[in-house]
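> 3D, please:
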Amino acid sequence: MKRIVLIALVLFVVCSGAMVFAQESGAAESAAADTSFWKYFAAALAVGLSCIAGGIAVGQIGSAAMGAMSENPELSGKALPYAGLAEGICLWGFLVALLIMIL
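Numbering: from 1, shown residues only. Below is the predicted model:
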C-alpha cells in the first residue's frame, strides 16, 4: 500500500509541475528555459528509474539463478540470458533519455 501511495505521489508531482511553472507571458527565452529544464528532468528520470528497475530485476534473477545452480550446476548457461535481458532495461532507459535530449 505504501508503494502505491508513493508512486501516486511521484506521478502527481511530475504531472503537476507544468501547472506550477505555467506563465502567461509569451517571452520565448523563458519558454525555452522551461522546456530545457523539463527535458533534462525527463532524461534523468528515464535513466534513473530504468536503472533502478534493472538493478532490482538483476538482483532477483541473480539470487534465483544461484539457488538453481546450487542444486543443478548445469543450469548456469540457461540463467545468463535472463540476467542480460534484465540489464537491457537500463539500456532502453538510456536510449529514451538520448532521444529526449536530441529531440
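> By mean pLDDT, flag the weakest helix or strand of the chain.
Lowest on mean pLDDT, DSSP states H and E among the helices and strands of the chain sits helix 2-20, with a mean of 62.
> those helices in the protein, which residues are they?
All helices of the chain, identified by DSSP state H, fall at 2-20, 28-71, 76-102.
> what residue ranges in this protein score low on pLDDT?
5-6, 8-34 (pLDDT under 70).
> what sits against the closest residue to V96 other than its chain neighbours?
Excluding the flanking residues, the one nearest V96 by Cβ to Cβ, 6 or more residues apart in numbering is A46, at 4.6 Å. Where C-beta positions appear, they are placed from N, C-alpha and C, glycine not excepted. Residues near A46 by Cβ atoms under 8 Å, 6 or more residues apart in numbering: 93-94, 96-97, 100.
> same thing but at 7 Å, please
A46 sits next to 93, 96-97, 100 when contact means Cβ atoms under 7 Å, 6 or more residues apart in numbering.
> what two of those residues are the furthest from one another?
G93 and I100 (10.6 Å; Cβ to Cβ).
> neighbour count winner among the two?
G93 (21 against 18; other Cβ atoms under 10 Å).
> what's the neighbour count on the closest residue in space to that one that isn't next to it in sequence?
Once flanking residues are discounted, G93 sits nearest to S50: 2.4 Å by Cβ to Cβ, 6+ apart. Neighbours of S50 under the rule other Cβ under 10 Å: 20.
> Does S50 touch C90 like I think?
Yes: counting by Cβ atoms under 7 Å, S50 touches C90, with 5.5 Å between them.
> ok, back up a step: could you dump the contacts of A46 to a markdown table with distance to G84?
Listed next are these as a markdown table, based on distance: Cβ to Cβ, whole Å:
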| residue | distance to G84 |
| --- | --- |
| G93 | 16 |
| V96 | 19 |
| A97 | 21 |
| I100 | 25 |
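> Distance check, W92 against S50.
6 Å (Cβ to Cβ, to the nearest Å).
> Kindly apply the preceding question to W38 instead.
Computed as Cβ to Cβ, the W38 to S50 distance reads 18 Å.
> what's the answer for V96, then?
Separation of V96 from S50 (Cβ to Cβ): 8 Å.
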